[in-house]
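Trainee: kindly generate the corresponding structure for this input.
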Amino acid sequence: MENPSTLIEKFTSFIKIHKRLSRLQRYFLYFLIFAFLGWIIESFYSILLLGHFTKRGFLYGPICPIYGCGAIILIIFFNQYKNKNFKLFIYATFIFSIFEYLVSYGMDALFSAKWWDYTNEFLNLNGRISIFYSIVWGIFAILFVNTIYPYFKKKLNKLLSKIPYTIQIFFIHITTSLFFIDSILSFAKNL
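Mentor: Residues are numbered from 1 along each chain as shown. Just a heads-up that it's a prediction; the model follows:
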């Protein structure tokens, strides 16, 4: 009969090898990563444009959910167009223009506020979308699907392989709770 501590070690190593975050949990991590990177991009853009830091985004925390949602849309629906750049560009330009318009409209309808305004941009539609940014989303989709996402996927997988599953789950629960609290407080503030 084996020593109990040996059995525990075997069980623990089995858990480490075989327990992985679910697809939904991984999507949530990608959402957080890219929402945070979107906030950083928006903040730097604001500094370059205005010359000083301004609070970007809807939430209190340093994330812009529209970027996280956009990343998840690209990962789930557009990853199949990896290295099919023309199709990816056309589809992403169209879909993300609709997405951006709907988010802008929804935020305006819910909170009577605009988080972006393209009124002075060439070929804009109600100041919610413009041809320039639609093209930018198409180009960004190509970069994201072909380069950015594979890079982050590889790095995240490597990082998660070094972190015990229980700590990963703890992190997911904490960040999910913080995100929902931030969302509720932000909605309440802006209503």
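
Trainee: tell me the secondary structure of Tyr118, please.
Mentor: Put simply, Tyr118 is coil when judged by DSSP: H, G, I helix; E, B strand; the rest coil.

Trainee: wait, it touches Val136, no?
Mentor: No - here Tyr118 lies out of contact with Val136, judged by C-beta atoms under 8 Å, at a distance of 11.4 Å. In short, each C-beta sits where N, CA and C put it, glycine included.

Trainee: mind listing what's buried in stretch 143-154?
Mentor: For stretch 143-154, a neighbour-count test (16 or more other C-beta atoms under 10 Å) marks 144-146, 148-149, 152 as buried.

Trainee: closest to Thr175 out of those?
Mentor: The closest of those to Thr175 turns out to be Phe152 (C-beta to C-beta; 16.4 Å).

Trainee: now do the closest one, the pLDDT please.
Mentor: For Phe152, the model assigns a pLDDT of 98.

Trainee: cool, and Lys55?
Mentor: With respect to pLDDT, Lys55 scores 81.

Trainee: pLDDT below threshold where in the protein?
Mentor: Scanning the chain for pLDDT under 70 picks out 1-18.

Trainee: which parts of the protein are helices?
Mentor: Shown for the chain, the helices assigned by DSSP state H span residues 4-18, 23-50, 65-73, 85-111, 131-143, 149-162, 165-190.

Trainee: what's the spacing between the closest residue in space to Phe140 that isn't next to it in sequence and Ile66?
Mentor: Closest residue to Phe140 apart from its sequence neighbours, by C-beta to C-beta, 6 or more residues apart in numbering: Ala92 at 7.8 Å. Ala92 sits 15 Å away from Ile66, going by C-beta to C-beta, to the nearest Å.

Trainee: repeat that for Trp115.
Mentor: Separation of Trp115 from Ile66 (C-beta to C-beta): 8 Å.

Trainee: more crowded one of those two?
Mentor: Ile66 (21 against 15; other C-beta atoms under 10 Å).

Trainee: check contacts around that one.
Mentor: Residues in contact with Ile66 (C-beta atoms under 8 Å, 6 or more residues apart in numbering) are 35, 38, 100, 103.

Trainee: next, count neighbours for the last one.
Mentor: Each residue near Val103 was counted by other C-beta under 10 Å, and the total is 18.

Trainee: contacting residues for the residue lying closest to Trp115 once chain neighbours are set aside?
Mentor: Spatial nearest neighbour of Trp115, excluding adjacent residues (C-beta to C-beta, 6+ apart): Met107 at 5.8 Å. By C-beta under 8 Å, 6+ apart, the contact list for Met107 reads 58, 113-115.

Trainee: this completes my enquiry, with thanks.
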